[in-house]
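Trainee: curious how this folds, go ahead:
(one chain, ligands or ions: 1)
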Amino acid sequence: MAAKDQNRLYPLDRIRNIGIIAHIDAGKTTTTERILFYTGKTHKLGDIDEGTTVTDWMAQERERGITIVSAAVTTFWVPKTGPYADTEARINIIDTPGHVDFTAEVERSLRVLDGGVTVLDAEEGVQSQSETVWRQADKYKVPRICFVNKMDKMGADYFETLKSVRERLGAPAYPYNIPIGKENDFSGVIDLLTQKAYVWDEESAKKGGLEFKEIEIPEEYKADVEKYRGELVEKIAENDDELLEKYLGGEELDKNKLKKALRKAVIAYKIVPVLAGSSLRNKGVQMLLDSVVEYLPSPLDITEIDGINPKTNEKEARKLDIESPFCGLAFKVQIDPHVGKLTYVRIYSGTLKSGTSVANTTKHAHERIGRVLLMHANSREEIAEAYAGEIVAIVGLKNTGTGDTLSEETAPIILESISFPDPVISLAIEPTTKADQEKLGYALGRLSEEDPTFRIRADHETGQTIISGMGELHLEILVDRMKREFSVDAKVGSPQVAYKETIKQIAQGEGKYIRQSGGRGQYGHCFLRVEPLPRGEGFVFASEIKGGSIPQEYIPSVEKGVKERLESGVFAGYPIVDLKAVVYDGTYHDVDSSDIAFKIAGSMALEAAAKKGQPVLLEPIMKVEVTAPEEFMGDVIGDLSAKRAQIESTEHRANAIIVNASVPLAEMSGYVTTLRSMTQGRGTAYMEPSHYEDVPTNIAEKIAAKVKGEKTEN
Ligand code: GDP
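Mentor: Sure thing, here's the model as predicted:
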């Protein structure tokens, strides 16, 4: 891994930072592996033997374990068609995990990618997770291409899938190509803009090859080509004044102009092109890659990014070019067995040089840039410099976590951080020995550094450490890593619903901490007002102290005390959220007042005020989608209703029904097993955290009583 000094400045317009997004099992892994295989092959990156099949190569790759676990991989592709034909493009693929327990990973990757490929199962159409991720991508306005995978599968239906993309996702989806044949007879695609038909060489495809040949458009497809081409061209023209005029005048539109306009429309999220293929059978992935280069944005297509200048606290736009000062966003921290801590950074502007110092503006810290790596599918390349638009991994950063901004010391900026959903499941963890206590602290620190949806808190009353995450699987993996990688021996409690508390009405409270027995005493005294905030707003603190009833210097101490006290609520000991605390009065003592006294007073005042603010319990509500044969509809719905479910919709598909519901997580433990036995093993369920809601009073009281009972036992 020798550092290369040559100028490897890659033309920005030929870089694509993309993510592949899919419902579990739609074929994300297979598609990614095919892409890496083809692209690696084109670029002759690794020592891939031309004769080996894809599967062999995949097995090797799994063993090396780089592709699968890398947060971002760099590959190269030379498109066959379009304006970039025969010019190499660099595609950085940012990993987005498939399991819903890892929504945070999806969020963070969406934040740094420029374009997405949504892989759909041609038989299943849009599935619930594709829908969730789609909405997340909408939030970040990510331009997308849809790849309708598994066209070779029994029951594959390209146009039904297209329909579900339009109806369920409300996406402006238009076929870019249409399949020739389906299921076992899926043999090629017809490109609608160029009106060229291609079929794959079956022998070549079986070996992972890419050979295909052009054929005449088969007679039976001509009507479809005309229909879908017409729709696509009309839609493109609608988004381009010059083309629209010609289109309305009945003129034939130039193919290259259409493509250019389509690129603009895709980037503006006015059109989502849809392509057909089967990754498993090596069909259609090369057309997909061509389209990625042709239609998805390059870093140049976003000209600026907004941030805050920490010196002035004012909004500031940073030009995304190499001439601007360096700034980048850390989007993933990973502990690598070979090199230690790797921090993945998307560079937005300027140049990052190894051996220099930069500022971590989010944490007001300094970082020294050690080695900078480009992660390829099967190798790592150490580089001396990296530029705007690129994605690199930095070795050995000390203070930088996910969502932090790095920038040039003389031109600091804080980019909008990544927002993560709240964890819904928690469990208590207790080290077995004193030595384990220390190891546990270290392990938890490291693991939470990697994963922002993994939270740790101490239960004030029991002294236990509580860890929380996005699902049972998520916590299971983390506990397993703690044992294997950090050899911590600890007792682990059973997973519990992560309840929260909030207040319902404005209330006031007083906190007075005075100790004046001999020597220097303690004096802190404050009045707080607490106000409920809308769900998801978190915690806000403000001061209305005028005239110095509490000296300015002690206000942050009051806030600290309030914050700490929020951690373990007043109703049943769960963290309090969505609350605004305002300190509005107090007194102080010239000699005895101190930070610590005001911190304790703050904590006491919060407790007093929150207790009067009609505290309630909040519980996580899951979005649940159940699929079962029609005859079980009554049972499924009856059972869900008994679980306090709100049935949102029922749909019929083939012989199955799909029930969409919101159900409290507390009611859903063991649901998969229940469902199986209720439906003779034929029902499936999918769920993911949706939001928090009030727990009905009678249930909330039972929970509080149970928590109290457990605490007195301890
Ligand atoms: P992921 O969960 O989205 O990463 O999906 P995988 O790539 O692991 O694929 C899930 C399953 O679908 C595996 O058994 C694959 O072999 C299969 N699969 C993937 N692509 C295709 C395809 O094009 N056709 C068919 N018939 N099966 C496929």
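Trainee: rest of the way, CA atoms for contacts and neighbours
Mentor: Fine.
Trainee: show the average pLDDT along the strand or helix carrying M375.
Mentor: Using DSSP states H and E, M375 maps to strand 372-375. For strand 372-375, mean pLDDT is 88.
Trainee: do stretch 122-142 as well
Mentor: The pLDDT scores in stretch 122-142 average 79.
Trainee: just the CA trace of that stretch, in PDB.
Mentor: Output of stretch 122-142 as PDB, limited to C-alpha atoms (Å, rounded to 0.1, in the frame of the first residue of the first chain):
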ATOM      1  CA  ALA A 122     -40.200  -8.100 -10.000                       C
ATOM      2  CA  GLU A 123     -42.600 -10.600  -8.400                       C
ATOM      3  CA  GLU A 124     -43.200  -8.700  -5.100                       C
ATOM      4  CA  GLY A 125     -43.200  -5.100  -6.400                       C
ATOM      5  CA  VAL A 126     -42.800  -2.400  -3.800                       C
ATOM      6  CA  GLN A 127     -42.500  -3.900  -0.300                       C
ATOM      7  CA  SER A 128     -42.800  -2.100   2.900                       C
ATOM      8  CA  GLN A 129     -39.100  -1.500   3.500                       C
ATOM      9  CA  SER A 130     -38.700  -0.200   0.000                       C
ATOM     10  CA  GLU A 131     -41.400   2.300   0.900                       C
ATOM     11  CA  THR A 132     -39.700   3.400   4.100                       C
ATOM     12  CA  VAL A 133     -36.300   3.800   2.500                       C
ATOM     13  CA  TRP A 134     -37.900   5.600  -0.400                       C
ATOM     14  CA  ARG A 135     -39.400   8.200   2.000                       C
ATOM     15  CA  GLN A 136     -36.100   8.600   3.700                       C
ATOM     16  CA  ALA A 137     -34.500   9.200   0.300                       C
ATOM     17  CA  ASP A 138     -37.200  11.700  -0.400                       C
ATOM     18  CA  LYS A 139     -36.200  13.600   2.700                       C
ATOM     19  CA  TYR A 140     -32.700  14.000   1.300                       C
ATOM     20  CA  LYS A 141     -34.000  14.600  -2.200                       C
ATOM     21  CA  VAL A 142     -31.900  11.800  -3.600                       C
END
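Trainee: about what we covered before: show me what the strand holding M375 is packed against.
Mentor: Under the contact criterion of 3 or more Cα pairs under 8 Å, 6 or more residues apart in numbering; DSSP states H and E, strand 372-375 touches strand 72-77, strand 380-383, strand 391-395.
Trainee: relative to the ligand, which of those strands is closest?
Mentor: For the helices and strands packed on strand 372-375, the distance to the ligand is smallest for strand 72-77, at 15.7 Å, taking Cα to the nearest ligand atom.
Trainee: average pLDDT for the closest one?
Mentor: The pLDDT scores in strand 72-77 average 85.
Trainee: what residues does it touch?
Mentor: 36, 39-40, 42-43, 67, 88-95, 289, 344, 374-377, 391 (Cα atoms under 8 Å, 6 or more residues apart in numbering).
Trainee: which of those residues are buried, as a PyMOL select command?
Mentor: Selecting only the buried entries of those in PyMOL, with 16 or more other Cα atoms under 10 Å as the criterion:
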select buried, resi 36+39+40+67+88+89+90+91+92+93+94+95+289+344+374+375+376+377+391
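Trainee: among the contacts of strand 72-77, which are located in strands?
Mentor: 89-94, 344, 374-375, 391 (DSSP state E).
Trainee: could you dump those to a markdown table with distance to the ligand?
Mentor: Formatted as a markdown table, the ones in strands among the contacts of strand 72-77 follow (distance: Cα to the nearest ligand atom, whole Å):
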| residue | distance to the ligand |
| --- | --- |
| A89 | 24 |
| R90 | 23 |
| I91 | 19 |
| N92 | 18 |
| I93 | 14 |
| I94 | 14 |
| Y344 | 22 |
| L374 | 24 |
| M375 | 20 |
| I391 | 22 |
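Trainee: now the residues you listed in CSV, with distance to D254?
Mentor: Listed next are these as CSV, based on distance: Cα to Cα, whole Å:
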residue, distance to D254
A89, 25
R90, 28
I91, 28
N92, 31
I93, 32
I94, 35
Y344, 42
L374, 40
M375, 40
I391, 36
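Trainee: closest to T627 out of the residues you listed?
Mentor: Using Cα to Cα, I94 is the member of these that lies nearest T627, at 31.1 Å.
Trainee: how many neighbouring residues does the residue nearest to that closest one when sequence neighbours are not counted have?
Mentor: Leaving aside its sequence neighbours, I94 sits nearest to A72 (Cα to Cα, 6 or more residues apart in numbering; 4.3 Å). Neighbours of A72 under the rule other Cα atoms under 10 Å: 29.
Trainee: do you know the pLDDT at the residue in the stretch 151-300 of the chain that the ligand sits nearest to?
Mentor: For the stretch 151-300 of the chain and the ligand, the shortest gap (Cα to the nearest ligand atom) falls at S278, measuring 3.3 Å. S278 is assigned 95 on the pLDDT scale.
Trainee: you'd agree it is up against Y158?
Mentor: No: in this structure S278 lies outside contact range of Y158 using Cα atoms under 8 Å: 11.5 Å.
Trainee: which neighbours do those two have in common?
Mentor: Listed as contacting both S278 and Y158 by Cα under 8 Å, 6+ apart are 148, 151.
Trainee: where does Y84 land in three-state SS?
Mentor: coil (DSSP: H, G, I helix; E, B strand; the rest coil).
Trainee: and it, what is it in contact with?
Mentor: By Cα under 8 Å, 6+ apart, the contact set of Y84 is 78, 293-294.
Trainee: before we move on, what about K702?
Mentor: Contacts of K702 by Cα under 8 Å, 6+ apart: none found.
Trainee: so it sits in a helix?
Mentor: Yes: the assignment for K702 is a helix, going by three-state DSSP.
Trainee: tell me which element the residue of the stretch 551-700 of the chain found nearest the ligand falls in.
Mentor: Here the stretch 551-700 of the chain gets closest to the ligand at one residue, Y686, 14.0 Å apart by Cα to the nearest ligand atom. Using DSSP H and E, Y686 sits within strand 684-694.
Trainee: which neighbouring elements make contact with that strand?
Mentor: If you count contacts as 3+ Cα pairs under 8 Å, 6+ apart, strand 684-694 packs onto strand 615-629, helix 671-678.
Trainee: summarise which helices and strands the first one is packed against.
Mentor: Judged by 3+ Cα pairs under 8 Å, 6+ apart, the packing partners of strand 615-629 are strand 500-503, strand 656-664, strand 684-694.
Trainee: in TSV: the ones you listed, plus mean neighbour count and mean pLDDT.
Mentor: Shown next, in TSV, are the helices and strands packed on strand 615-629 (neighbours: other Cα atoms under 10 Å; pLDDT from 0 to 100):
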stretch	mean neighbour count	mean pLDDT
strand 500-503	27	96
strand 656-664	21	91
strand 684-694	18	85
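Trainee: closest one to L193 among the ones you listed?
Mentor: Nearest to L193, of the helices and strands packed on strand 615-629 and by Cα to Cα, is strand 656-664 at 36.7 Å.
Trainee: need the nearest residue in space to the residue of the stretch 51-200 of the chain found nearest the ligand, chain neighbours excluded.
Mentor: At 3.5 Å from the ligand, K150 is the closest residue in the stretch 51-200 of the chain, using Cα to the nearest ligand atom. Nearest residue to K150, sequence neighbours excluded (Cα to Cα, 6+ apart): S278, at 4.6 Å.
Trainee: how about V663?
Mentor: Leaving aside its chain neighbours, V663 sits nearest to A645 (4.4 Å; criterion: Cα to Cα, 6+ apart).
Trainee: try P615
Mentor: Using Cα to Cα, 6+ apart and skipping the chain neighbours, the partner closest in space to P615 is I503 (4.2 Å).
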